[in-house]
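> need a structure here:
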Amino acid sequence: MAEERKTESLAAYYAQLTDTQKSALQAVAMDMWEPYIGATREGLPNGGEKIVFDRFHIMRDMTKAVDTVRKHEHREFLRAGEDSPLARTKYVWLYSDERRPEHHAETFATLQALNLKVGRAWAIKEALRTLWTFRQLAAVKRFFTRWYGWAVRSRLEPVRQVAATLKRHLDGVLRFVKHPITNGVAEGLNSKIMSIKRKAGGFRNPSNFTTAIYFHCGGLDLYPR
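Below is the predicted model of the structure:
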């Protein structure tokens with residue numbers, strides 16, 4: 001356990017490992033948080049070559065970009081004095097095709113037929129999901145080159161910003177081909193931790209919060225013997 005999300009927070013974890021344990025670590029899944037990137041580069045042998053950027057965080061950023069495009073386009077309609085077809089459609093754009101509830105299907109199809117900017121952003125976001133289906137580095141590099149070109153030519157600034165971020169961190173993004181790992185287990189644990197916090201109504205100090213986390217998540221055997 002560590003307070004905040006600083007370089008020192010993760011560096012302290014690496015510092016407690018032996019040299020053998022550090023060398024045995026093959027890959028580390030994380031989001032694109034620079035303090036953690038720096039701590040991993042400094043704390044592990046060849047640490048920079050072991051970073052795998054989590055696909056769920058990447059897709060979360062792309063989804064946020066789609067929603068930002070939607071909000072901007074909605075305001076453009078209103079400023080032009082027109083009725084906006086995007087009013088109350090936030091959640092329509094959050095789903096992938098296979099996860100979209102049936103009651104949103106007709107609305108989504110109608111909106112897509114309007115050739116909206118948010119529709120293009122959504123299509124670019126959905127195409128990116130294909131990146132994690134490749135198992136050969138050369139193939140995934142070709143795919144990303146095509147996708148990146150589409151994204152930067154889209155004239156959609158929130159999408160361009162995410163694409164530029166992925167380009168800067170491309171090695172860690174494509175390393176999923178070699179090490180197909182995600183933050184899934186950690187995110188599940190984090191959800192449990194947030195549930196502990198909500199049920200307690202918060203904690204007066206970090207020490208009490210830490211104790212509660214260890215108690216509920218530490219795998220303790222409390223049965224009498």
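
> Which residue is the nearest non-sequential neighbour of the residue most central in space within the chain?
Centroid-nearest residue in the chain, with C-alpha atoms, centre = their mean: residue 57, separated by 0.5 Å. Spatial nearest neighbour of residue 57, excluding adjacent residues (C-beta to C-beta, 6 or more residues apart in numbering): residue 31 at 3.9 Å. C-beta: built from backbone N, CA, C; applies to glycine.

> which residues sit in contact with that neighbour?
53, 54, 57, 183 (C-beta atoms under 8 Å, 6 or more residues apart in numbering).

> show me the contacts for the third one.
Neighbour list for residue 57: 31, 32, 183 [criterion: C-beta under 8 Å, 6+ apart].

> Just want the phi and psi numbers for it.
When read as degrees, to the nearest 10, the backbone of residue 57 gives phi -70, psi -40.

> how close does it sit to residue 225?
43 Å (C-beta to C-beta, to the nearest Å).

> before we move on, what about residue 30?
From residue 30 to residue 225 the distance is 40 Å (C-beta to C-beta).

> more neighbours, those two?
residue 30 (18 against 3; other C-beta atoms under 10 Å).

> Got the domain ranges for the protein?
Annotated domains of the chain cover 7-54+182-200, 58-171 [automatic domain parsing].

> CSV for these, including mean pLDDT and distance to residue 213?
Output for the domains of the chain, formatted as CSV (pLDDT from 0 to 100; distance: least, C-beta to C-beta, whole Å):
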stretch, mean pLDDT, distance to residue 213
domain 7-54+182-200, 94, 6
domain 58-171, 96, 24
